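Student: below are the sequence and a predicted model for it; my questions follow.
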Amino acid sequence: MTGVEDLEIENNTSKLIEEEDNEVAYVKLISNDGFAFIINKETASISGTLKNMISDTFEEGLTNTIKLHEIDGSVLEKVVEYLYYNDKYKDCIDVPEFNVPTEMALELLVAADYLQV
Amino acid sequence: MISSAMNQQKSKSKIRPPRKAGSNIIDPNESWKLLEVAIHDIQSKNASKWSFEQLYRLAYNLVLSKNAPYLYNHVHDEIVKHLEINVRTKLENIILEKYNNSNLNDNISTETNNINKSDAADVLKLFNTLWDDHLICIWLISQVVMYMDRTYTKENRLPLVYDVGLIAFYKYVILHNLKDTDETIGSRLIKIFLNYFNLNRNGEMIEKFLIKSTITIFESLVNINGETYYTKSFEPELLLSSHKYYIMKVNELLELKSGSIYINKIVEIINDEKARFQMYLPSNTTEKLSDLMYKDLVINNIENILNLQTDGMKKWIDNDDYDILEKVYILVERISSTKLILRTTLRTIVIANGEELMEQTKKQQLENENVEEISDDKKKKGKKSGKESNTQFAINYIKNFSNYKFKIDQIIANSFSNDIEIYREIESACTTFLNENNRIQEYLSLYIDDCIKKSLKNKSSEEIENVFNDSIMIFKFIKDKDIFEKYYKNHLAKRLLNQKSISTELELQMISKLKTEAGSTFTAKFEGMFKDIKISQDITQKYKIESSKTTLMSDLARMNDGRKFDIDFSILTTNFWPMPVNKTMEDVTYVPALDIAKASFEKFYNNTYNGRNLTWAPNMCTIDLRMNFPSKSYLINMPTLAAFIVLTCFNDDETEDGTKMLTFSEIEEMTNIPTADLIRHLQSISVAPKFRILKKVPMSRDIKPTDKFGLNLEFKNPQTKFKILAVSVSSSSSSSSSSTKEDSKDKFDVTSSSSRLETDSERLSTLESIQRTREFEVDAAIVRVMKARQSAKYQVLVAEVVRLISDVGKRFRPQPSFVKRRVEELVEKEYLRRDDNDRELFWYVA
């Protein structure tokens, strides 16, 4: 009987650890104009620049927060949308088209270059 | 510095840079100032206080504002500066602290106590740490300026910032001279490393990881041309140091002058080294180092080692040291695919062993004789004759060789993984030394003779098979197989006529083995002899049935004092048997009963086989004779001719005291036995002390025409049933002046039933007879070839004749000069004709 109890306690502990891990698995992106997006770290890592930013060494790695001074909220929203789109379809063959509003095209291009997407 | 940097950072992070970086005017110096501080922080492991985004953005904007070259150069300079001021100084300091210049410069392979293990480890550890830190720094820096690398650096085909860091480390740390010396830091590091590495070779525990990671650093260091420090500097030094190490080891070992220690130790070193290579070194270095190792340790010394007399190959073979021999084999196989060194060494040893085998057999012989002499003295028996012991020697020699070959085969199986080339080499060596003994054919035949007559009695079929296989093995080694055939025929004839074989099966088994090996022509005569014996038995049987219908047998029995008169006939086909038709026996006076039997058999035989010629050979027969002496009655088996002497001359001696004496000449006249044979047979019944059934006056070994003979009534022998052998041809002829020149050729003395080694004179006549046979054989081969071809060039003819006789017939290898003489002879006899125009061309004359 005691053995079973011990086991349950252990299970609970491991669940807690998992939750902690889950929290760390997200990163907050803040746009130039103050919009914040909390996204999966793995998804964020699709961008080379973001990936480097969330490595442990620098401030961002410790705070799990990245301030992107170069990017407006609207553009960042689109970027985040793209990152998830990319993540979702990365292993697929038939990929639906990603809709880019014409007026945003140039801004997105610059952002993509900056972020190494 | 650090605190000011922190202040700057804090104040700067509040400033919001302009959003559209490209459009704003940027002061590169201002941006760089910030980045420079950040890089310093990265290098001193304080990066965490910086926002990556901020730094990245700074670099990004610098690049966008076309300040990339400025940034690139500054980053480069910053990396170099850090290496020079921090990394290099630290490294230099520890090296100079641990090693003052004098003590390490050139003595890599010197004794271990010169080197402080922990000092070396400390230096290498620091080196590793500095390197690892440097890698992290340049990695982080390259991440910060990634935008530049992606655009400017690539477009201008410059080394990426990370590579800049690697190259700079090579150039400004490794290739930099140590303070006050002309030695680079790198070369000093290599020396320290190799010292450390050699500690391990000498059996000390070292930190494996340190070795491995240091080697990885050397491999990672690249110069601007893409060459690694490893291949450029480290590997040559490693090879040199290893070479010194191997040579040192070899010299240490060579001083011991012990092959087994050398081989064992070398194998140990090689295994250790291999493990070391595997653990630490990249494959192409392993290859080079491995080659070097085998060259230094094995190739350069193995021959000397194997030839060491006290503890070398010879001793290992003598002692069946499978373990070390296997090690030798593996070593040699690694250094040369032909294994030439091993093969030549083995060859020399086997040939030397061959000589020893001869000596050993002689020694054995001597010991045996000594033992026998002692026991002989006790039993008061006569000493074995020299000839018998020679025969024993021949038999022992073959036995010893069989054992030796078995031993070597075991070695090949156990140590040389049944290597076929080594096997062949040994066979060839055996062939060489066996054939150096020009009587080997006779030895072998005697050995088989002994086996079939005596030693195989009550042996299992497996043992018999082994003995025969050994015999065939030696038979294969023998070159002049026709000589063997000659002896085998002689020995076989004696066995058959005297019924000495343990069993006919044994004989047939041996013959079938010879047949498999040498072909049916080789054994045709042996088989013919068998057939004769078989047919003789049948004929004797039939004759007996036939004559039982008449009164012949009872008549004969009456003549024979009422005892049963039994007789066996052997009808031999002249060609098959070694002894020639001897017409000199035709006049011999037969005992009356035998004369009748002879006539009746002749009649019977001529009725059965019309037109065949029978020549009687009483000289090859024996008679069982019952002799009543005053002391006892004896049943004596003696040569027929001896029995004729007794029966014809002395059977009618009615004088009580045996006073009837006849001279040699009188006996000769009465019996008509040819002089030489008469002498021999008289010798055998009147001279040998144990078998002196006739007395001789005067008593001497030699027999003169005037000598007188009479029955020896005092004859005594412990056995009532015994056998008298005829004195052999040579021993009688040596004593008799009337030596039988004309029939010394092809002398075949079947009545001396035990086969023995020939004396030199017999040997000579055997060889003469073989020479004659060879002439016939070559003649026959020449005619066969020419008949088939009609014409042939001389060279072709010789080659074909040699092939026929040696390879196909497995008889002997005729010398070309011999064939040439026979060709000339045949031309003379007009079997062949030389072409009129071409001296080299011959034509067959039908």
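Tutor: On my side now, so go ahead.

Student: using the three-state scheme, assign the residue nearest to A:Val110 when sequence neighbours are not counted.
Tutor: Using CB to CB, 6 or more residues apart in numbering or on different chains and skipping residues adjacent in sequence, the residue nearest A:Val110 is A:Glu70, 7.9 Å away. All C-beta atoms are positioned from the backbone trio N, CA, C, and that covers glycine. Classification of A:Glu70 using DSSP: H, G, I helix; E, B strand; the rest coil returns coil.

Student: now do the residue in the stretch 601-750 of chain B positioned nearest to chain A against B:Phe691, distance only.
Tutor: Per CB to the nearest CB, B:Gln719 is where the stretch 601-750 of chain B lies closest to chain A, at 98.5 Å. Computed as CB to CB, to the nearest Å, the B:Gln719 to B:Phe691 distance reads 11 Å.

Student: and the lengthiest helix in chain B, which residues are buried?
Tutor: Looking across chain B with DSSP state H, the single longest helix is helix B:340-379. Under the neighbour-count criterion of 16 or more other CB atoms under 10 Å in any protein chain shown, helix B:340-379 has B:341-343, B:345-347, B:349-350, B:353-354, B:356-358, B:361, B:364-365 buried.

Student: how far does the strand or helix carrying B:Arg188 sit from its chain's centre?
Tutor: Taking DSSP states H and E as the criterion, B:Arg188 maps to helix B:185-201. Relative to its chain's centre, helix B:185-201 lies at 47 Å (CA atoms, centre = their mean, to the nearest Å).

Student: would you list every one of the helices in chain A?
Tutor: Using DSSP H, the helices assigned to chain A run over residues A:2-24, A:41-44, A:48-53, A:59-63, A:73-89, A:105-115.

Student: what's the angle between the last one and helix A:73-89?
Tutor: Going back to what we said before, that points to helix A:105-115. Per axes from the mean of the first three to the mean of the last three CA atoms, to 10 degrees, the angle that helix A:105-115 makes with helix A:73-89 is 70 degrees.

Student: neighbours of the residue nearest to A:Val110, how many?
Tutor: For A:Glu70, the count of nearby residues is 23 (other CB atoms under 10 Å in any protein chain shown).

Student: again, but for B:Gln410
Tutor: Going by other CB under 10 Å, the residues that sit close to B:Gln410 add up to 12.

Student: same deal with A:Leu108?
Tutor: A:Leu108 is flanked by 18 other residues according to other CB under 10 Å.

Student: how far away is it from chain B?
Tutor: Using CB to the nearest CB, to the nearest Å, A:Leu108 is found at 15 Å from chain B.

Student: test my guess that that residue contacts A:Phe98.
Tutor: No - with contacts counted by CB atoms under 8 Å, A:Leu108 stays clear of A:Phe98, the gap being 10.4 Å.

Student: where in the chain is pLDDT low?
Tutor: Picked chain A for this. By pLDDT under 70, the low-scoring segments of chain A are A:1-24, A:56.

Student: not what I meant, chain B
Tutor: B:1-25, B:100-115, B:372-387, B:653-659, B:728-754.

Student: burial count for B:Ala251?
Tutor: Slight slip there: residue B:251 is Asn, not Ala. By the criterion of other CB under 10 Å, B:Asn251 has 10 neighbours.

Student: which residues does the host helix or strand of it contact?
Tutor: If you go by DSSP H and E, B:Asn251 is part of helix B:235-256. Contact partners of helix B:235-256, identified using CB atoms under 8 Å, 6 or more residues apart in numbering or on different chains, comprise B:108-109, B:187, B:190-191, B:194, B:197-198, B:201, B:261-262, B:265-266, B:269, B:285, B:288-289, B:292-293, B:296-297, B:300-301, B:304.

Student: so how many other residues sit close to the single nearest residue of chain B relative to chain A?
Tutor: Proximity of chain B to chain A (CB to the nearest CB) peaks at B:Phe52, 3.8 Å away. For B:Phe52, the neighbour count with other CB under 10 Å is 25.

Student: can you give me phi and psi for B:Tyr844?
Tutor: Main-chain dihedrals, B:Tyr844, degrees, to the nearest 10: phi -80, psi 130.

Student: need phi/psi at residue 33.
Tutor: Went with chain A since none was named. For A:Asp33, the backbone dihedrals (degrees, to the nearest 10) come out as phi -100, psi 20.

Student: so what's it closest to, chain neighbours aside?
Tutor: In space, A:Asp33 is closest to A:Gly73, 4.9 Å off (CB to CB, 6+ apart).

Student: ok, that neighbour touching A:Ala36?
Tutor: No - A:Gly73 is not in contact with A:Ala36 according to CB under 8 Å; the separation is 9.0 Å.

Student: which of the two has more residues huddled nearby?
Tutor: Higher neighbour count among A:Gly73 and A:Ala36: A:Gly73, with 16 against 12, using other CB under 10 Å.

Student: what subset of the contacts of helix B:235-256 is buried?
Tutor: Here, 16+ other CB under 10 Å leaves B:108-109, B:187, B:190-191, B:194, B:197-198, B:201, B:262, B:265-266, B:269, B:285, B:289, B:292-293, B:296-297, B:301 buried among the contacts of helix B:235-256.
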